[in-house]
Structure formats: C-alpha cells, structure tokens
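Q: build the 3D model from these lines:
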Amino acid sequence: MHSLARRIAAASPLILVALHGCLPYTVGSTARTVAAHETTRSTSWYYIPNAIKQPGDSIAVPLAGSNLEYRHGLDARADFGLRIMPGGVAVDYKRRLDDDLTGTRTAVAYSLGGGVVNGGEHMMLQATLIASGREDASLIPYGGLRAIHVLPITQGAVSDRPTIGMFGGLELGDEQFTIRPELGVFYDHSALGLRRGDVIFVPAVTLKRGKRHDRYAESGRRPGPLAPPSVSDPRRTPVPIIAPRP
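A: Numbers count the residues shown, from 1 in each chain. Predicted coordinates for the structure are as follows:
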C-alpha cells in the first residue's frame, strides 16, 4: 500500500505537466481557409523534448501527445475550427487578411479562439498570425506568431504567465493527402516549477486527408453508358452497297 502511494506521488507531477502540455502549441495549417461549406479533418502529433527538468536532474523528461482538429469553411475567406486535445477542447475562428483567393500569391490570416484546458482547471485564450506561400507550389512554406494565455477557473488552479512564440513549417501533398512538418519555439514559464528553462521547442507533424475531387459534382450529372453510333452519324464511315449482277 505504501509502495502504491509513493508511485502515485512520484507520478503526479508528470500528470500535471502532461495536462499543462495540452496547450495548442502546434498550428498545423497554412493561412488558407477551408472552402465554404466543406469540412476537413487533421491529426497533429507533437513532441516536447525538454518538458520536465527539475534542479538536480541531468536528463530532461520529454512529453508527447496528439490533437484532432476539424475545420469547416464559412465563406471564401473564413473558417471555424474545433480542436480536441489531451485534457481539453478549443475552438477558433480564422479569417484571411489578403484579397488573393486564387492561390498565386502569399496568403495572410489571423485566428482567435479559446477553450477549456488542463483537465478543466483553466480557460484558454489564443491569438495567431499566419503567413504562407503560393498554393500552386509543390512545397508551401508557412509560419507566424502565436500567443496563448490560461486563466484559472477552479479553486486551487495555479496562475500562469502568457505563452508567446513563433512557428514555421512546410506543406507537402495534394488535395487527397497533406503532410505538414512544423517546429515551434515558445517562451513558456512553468507555473508548477517543474522545468528550469522557460524556452521550449515543439517539433510536430500534421496529417490531413481530403476528399477526392469530383469533376461531375457541380453539374449533378454523370456520364452514362456509351450508345452505339447512329446510322446517320457523319463520323461513321459509309459502307458501299453493291447490287447483285443480273
């Protein structure tokens, strides 16, 4: 019994930091918004190498996790996102700042959102500025700035400083499958005192699977079986009729 209690006590800081690590550090998207009335789904996996390192520790303990995000297009320049994280959920609104909707120039967008994180102990607010390259390129670079702040909403929850950082990544793929490797660097003070440094690196990768484009969807008609050519079809080579000799 005493051994079990010691194990729980030793693991409790890791559990608290794991919940704290559920903040949406990873952006996982370019400045482009989802097309109106369409919905996409993506999954991000992130890894924080130096998540836990107390005084006296020679090796930092890493943390890893994943986020599931759904985005729905509202119009040609805006979409809405729902993100499910370990110990929390968040929503955000993203809107384009540029006028180019053809994908041939740099895109710029902002997003504002919030949610409940850290196992329901904090309310989270976030603001992000994103810029990305031409959509018709084979590799689309993107990057920007993100600020996150949490406010305690339960008794005994700790207060924390704002988290501010930058991120950058590349988008590879097509409409059917997209992969986005990304690296974020954030100033993130540990309110629990379980990390000596205030700077963390968050490498991540995001996978998105889209719908296969249907070129007959807009017209609502699909090609039927081919009909045999008509006798009057001018493309048909006429066959000469030879009358029998008397």
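
Q: can you pull out the helices in the chain?
A: Ranges of helices in the chain, per DSSP state H, are 2-20.

Q: so where's the chain uncertain?
A: 1-21, 51-60, 191-196, 210-246 (pLDDT under 70).

Q: what about the strands in it?
A: Using DSSP state E, the strands of the chain run over 39-52, 61-75, 78-85, 88-96, 107-117, 122-132, 139-152, 163-173, 177-187, 199-209.

Q: can you list those in a markdown table and add mean neighbour count and distance to Y25?
A: In this view, the C-beta of every residue, glycine as well, is placed from N, C-alpha and C. Shown next, in a markdown table, are those (neighbours: other CB atoms under 10 Å; distance: least, CB to CB, whole Å):
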| stretch | mean neighbour count | distance to Y25 |
| --- | --- | --- |
| strand 39-52 | 18 | 6 |
| strand 61-75 | 17 | 9 |
| strand 78-85 | 20 | 10 |
| strand 88-96 | 18 | 12 |
| strand 107-117 | 19 | 12 |
| strand 122-132 | 20 | 10 |
| strand 139-152 | 18 | 8 |
| strand 163-173 | 18 | 7 |
| strand 177-187 | 17 | 5 |
| strand 199-209 | 18 | 4 |
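
Q: TSV for these, including distance to V27?
A: As requested, those are exported to TSV (distance: least, CB to CB, whole Å):
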stretch	distance to V27
strand 39-52	9
strand 61-75	10
strand 78-85	11
strand 88-96	10
strand 107-117	9
strand 122-132	6
strand 139-152	6
strand 163-173	5
strand 177-187	7
strand 199-209	8
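
Q: of the ones you listed, which is nearest G28?
A: strand 199-209 (3.6 Å; CB to CB).

Q: relative orientation of that closest one and strand 163-173 in degrees?
A: With axes from the mean of the first three to the mean of the last three CA atoms, to 10 degrees defining the directions, strand 199-209 sits at 30 degrees from strand 163-173.

Q: tell me which strands strand 199-209 pairs with, and in which orientation.
A: strand 39-52 (antiparallel), strand 177-187 (antiparallel) (DSSP bridges).

Q: now those strands in CSV, with distance to R146?
A: Converted to CSV, the strands paired with strand 199-209 look like this (distance: least, CB to CB, whole Å):
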stretch, distance to R146
strand 39-52, 13
strand 177-187, 8
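
Q: closest one to L101 among those?
A: Nearest of these (CB to CB): strand 39-52, 17.3 Å.

Q: between that closest one and strand 78-85, how many degrees?
A: Between strand 39-52 and strand 78-85, the angle comes out at 50 degrees (the same axes, to 10 degrees).

Q: next, the angle from strand 39-52 to strand 61-75.
A: Using the same axes, to 10 degrees, strand 39-52 lies at 160 degrees relative to strand 61-75.

Q: can I get the CA coordinates of strand 39-52 in PDB?
A: Output of strand 39-52 as PDB, limited to C-alpha atoms (Å, rounded to 0.1, in the frame of the first residue of the first chain):
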ATOM      1  CA  THR A  39     -15.200  20.200 -43.600                       C
ATOM      2  CA  THR A  40     -11.700  18.800 -43.200                       C
ATOM      3  CA  ARG A  41     -10.100  16.600 -40.500                       C
ATOM      4  CA  SER A  42      -6.400  16.600 -39.500                       C
ATOM      5  CA  THR A  43      -4.400  15.000 -36.700                       C
ATOM      6  CA  SER A  44      -1.200  16.500 -35.200                       C
ATOM      7  CA  TRP A  45       1.500  14.700 -33.300                       C
ATOM      8  CA  TYR A  46       3.900  16.800 -31.200                       C
ATOM      9  CA  TYR A  47       6.900  16.200 -29.100                       C
ATOM     10  CA  ILE A  48       8.400  18.400 -26.400                       C
ATOM     11  CA  PRO A  49      12.000  17.200 -25.700                       C
ATOM     12  CA  ASN A  50      12.700  19.300 -22.500                       C
ATOM     13  CA  ALA A  51       9.200  19.300 -21.000                       C
ATOM     14  CA  ILE A  52      10.300  18.400 -17.400                       C
END
